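Asks: What follows is a predicted structure for the sequence shown.
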Amino acid sequence: MIGTRNIANSIQANYRYFVLFLVIFYAVGFAGLSVPATRPFFVHLTPFALLLSSFIVGLFHSKFSAKTIFVFIFIYIASFIVELIGVNTGSIFGNYSYGHGLGIKLFNTPLIIGLNWLLLVYVSNSVMELSNWPLMLKIVGAAFLLLGYDVLLEQVAPQLAMWTFSESAVPVQNYLAWFLLALLFSLVINLLKINTKNRIAPVVFGIQALFFAMLLLTLN
């Protein structure tokens with residue numbers, strides 16, 4: 001127990017170095033994706049970037065109780081199933097298909113997409129924990145944060161070989177589904193009192209949002 005506490009304290013004490021590492025990591029990624037010659041290589045690193053970001057956020061999570069792990073697994077599985085149904089039927093987000101940018105797929109659905117949902121739901125709720133808003137406003141606010149994030153992401157996802165919609169424009173159906181799913185998962189996290197107070201999670205959310213905003217200006 002003492003050893004675990006010492007490790008946790010050491011991680012917290014090195015917070016600024018983790019932030020610096022994330023800034024450099026995403027800056028290098030931005031540079032690599034901005035250059036056509038290096039873009040294919042950096043696209044293949046997308047799953048690694050997601051795994052690394054999730055790992056760092058996990059290091060700063062306060063306590064992994066059995067309930068917390070259960071909720072995290074639920075969000076991963078539930079979001080993966082929703083995406084699986086969505087990409088194979090077109091009935092949830094619209095007609096779209098995944099590219100190779102998110103790595104290994106099962107039934108046309110990247111295995112890492114559930115982790116992506118879990119990370120985004122967690123960090124958006126962590127951002128809302130910085131406010132003094134009432135609980136329901138925090139939940140709705142987290143869902144709107146994810147919606148805004150998705151608006152950015154959808155503009156660059158095709159260039160990053162993540163996914164592509166068959167329509168020329170992203171359908172409104174997609175944004176509505178994103179918001180409702182984010183709202184549901186935020187409800188689960190807050191009603192079950194999963195602690196998302198995390199020093200580095202809002203930083204990850206901000207860096208990723210800035211990362212995609214800069215790519216939007218560069219690639220389009």
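Replies: Nice, I can see it.
Asks: only C-alpha atoms for contact and neighbour calcs from this point on.
Replies: Noted.
Asks: Would you mind listing where the chain has pLDDT under the threshold?
Replies: Filtered on pLDDT under 70, the chain yields the residue ranges 1-4.
Asks: residue boundaries of the helices in it?
Replies: Assigned helices in the chain, in chain order: 2-13, 15-34, 39-43, 46-59, 66-89, 113-128, 135-156, 172-191, 201-219 (criterion: DSSP state H).
Asks: quick one, which of those is packed in tightest?
Replies: Ranked by mean neighbour count, those are led by helix 113-128 with a mean of 24 (mean count of other C-alpha atoms under 10 Å).
Asks: elements contacting that helix?
Replies: For helix 113-128, the packing partners by 3 or more C-alpha pairs under 8 Å, 6 or more residues apart in numbering; DSSP states H and E come out as helix 46-59, helix 66-89, helix 135-156, helix 172-191, helix 201-219.
Asks: any chance of those in JSON lines, with distance to Y15 too?
Replies: Below are these laid out as JSON lines (distance: least, C-alpha to C-alpha, whole Å):
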{"stretch": "helix 46-59", "distance to Y15": "10"}
{"stretch": "helix 66-89", "distance to Y15": "23"}
{"stretch": "helix 135-156", "distance to Y15": "24"}
{"stretch": "helix 172-191", "distance to Y15": "25"}
{"stretch": "helix 201-219", "distance to Y15": "11"}
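Asks: Which one, of the ones you listed, ends up nearest to L115?
Replies: With C-alpha to C-alpha as the criterion, L115 lies closest to helix 66-89 of these, at 5.8 Å.
Asks: ok, S97 touching W163?
Replies: Yes - assessed by C-alpha atoms under 8 Å, S97 is found in contact with W163 at 5.5 Å.
Asks: ok, now how distant is L160 from N195?
Replies: The spacing between L160 and N195, counted by C-alpha to C-alpha, to the nearest Å, is 33 Å.
Asks: gap between the spatially most central residue of the chain and S54?
Replies: With distances taken as C-alpha atoms, centre = their mean, the residue of the chain nearest its centroid is L120 (3.2 Å). From L120 across to S54, the span is 9 Å (C-alpha to C-alpha).
Asks: residues contacting the nearest residue in space to L145 that is not next to it in sequence?
Replies: Of all residues not flanking L145 in the chain, S124 sits nearest, at 6.3 Å (C-alpha to C-alpha, 6 or more residues apart in numbering). Contact analysis of S124 by C-alpha atoms under 8 Å, 6 or more residues apart in numbering lists A142, A143, L145, L146, P202, F205.
Asks: between those residues, which is nearest L45?
Replies: For the contacts of S124, the nearest to L45 is F205 (18.6 Å; C-alpha to C-alpha).
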